[in-house]
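>>> pasting the structure only:
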């Protein structure tokens, strides 16, 4: 078990520190405060992870914004394409209502007879 190495040991060695000093404090070069070699290595690794996560989050945020922009452009394009068809359908619906109103006004008794007949058939159909 004494020969087993851990990733943190490698990180400490790569920074020129000795893992044998892991439990001991020493003064840094300027003599400001006592520090731990392992603590310094862990702190550096934490900063590296924080920077990597922050960078990934920034990239995800930019990609999301770009996707929303593209989706908005597509929706706008589809709306522009559909607008003439919607206007045409509205005009045809208005014409249909106008023709129906004119027919009812010209032939009121026939219209009432048709309405009664349709009502009777629907009543029979729904009753079964």
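On my side now, so go ahead. Keep in mind the model is a prediction, meaning the values are calculated, not measured.

>>> just after the helix or strand residue 89 falls within, pick out the following helix or strand.
In the assignment (DSSP states H and E), residue 89 maps to helix 37-106. For helix 37-106, the following helix or strand on the C-terminal side (DSSP H and E) is helix 108-127.

>>> residues making contact with that next one?
With contacts defined as C-beta atoms under 8 Å, 6 or more residues apart in numbering, helix 108-127 is touched by 103-104. Placement of C-beta: from N, CA and C, glycine included.

>>> again, 7 Å this time
Contacts to helix 108-127, defined as C-beta atoms under 7 Å, 6 or more residues apart in numbering, come from residues residue 104.

>>> what angle separates that helix from helix 37-106?
130 degrees (axes from the mean of the first three to the mean of the last three C-alpha atoms, to 10 degrees).

>>> quick one: mean pLDDT for helix 108-127?
The average pLDDT for helix 108-127 rounds to 93.

>>> and what of stretch 45-58?
For stretch 45-58, the mean pLDDT works out to 86.

>>> residues near residue 123, how many?
If you count neighbours by other C-beta atoms under 10 Å, residue 123 ends up with 9.

>>> no wait, residue 104
14.

>>> now the residue lying closest to it once chain neighbours are set aside: how far from residue 122?
Spatial nearest neighbour of residue 104, excluding adjacent residues (C-beta to C-beta, 6 or more residues apart in numbering): residue 111 at 4.4 Å. The gap separating residue 111 from residue 122 is 16 Å, by C-beta to C-beta, to the nearest Å.

>>> repeat that for residue 108.
Where residue 122 is concerned, residue 108 sits at a distance of 21 Å (C-beta to C-beta).

>>> same deal with residue 90?
Per C-beta to C-beta, residue 90 is found 28 Å from residue 122.

>>> same check, this time on residue 38
Distance, residue 38 to residue 122, by C-beta to C-beta: 84 Å.

>>> just residue 81 next, same as before
Going from residue 81 to residue 122 by C-beta to C-beta gives 39 Å.

>>> higher neighbour count, residue 111 and residue 122?
residue 111 (14 against 10).

>>> sweet, I'm off.
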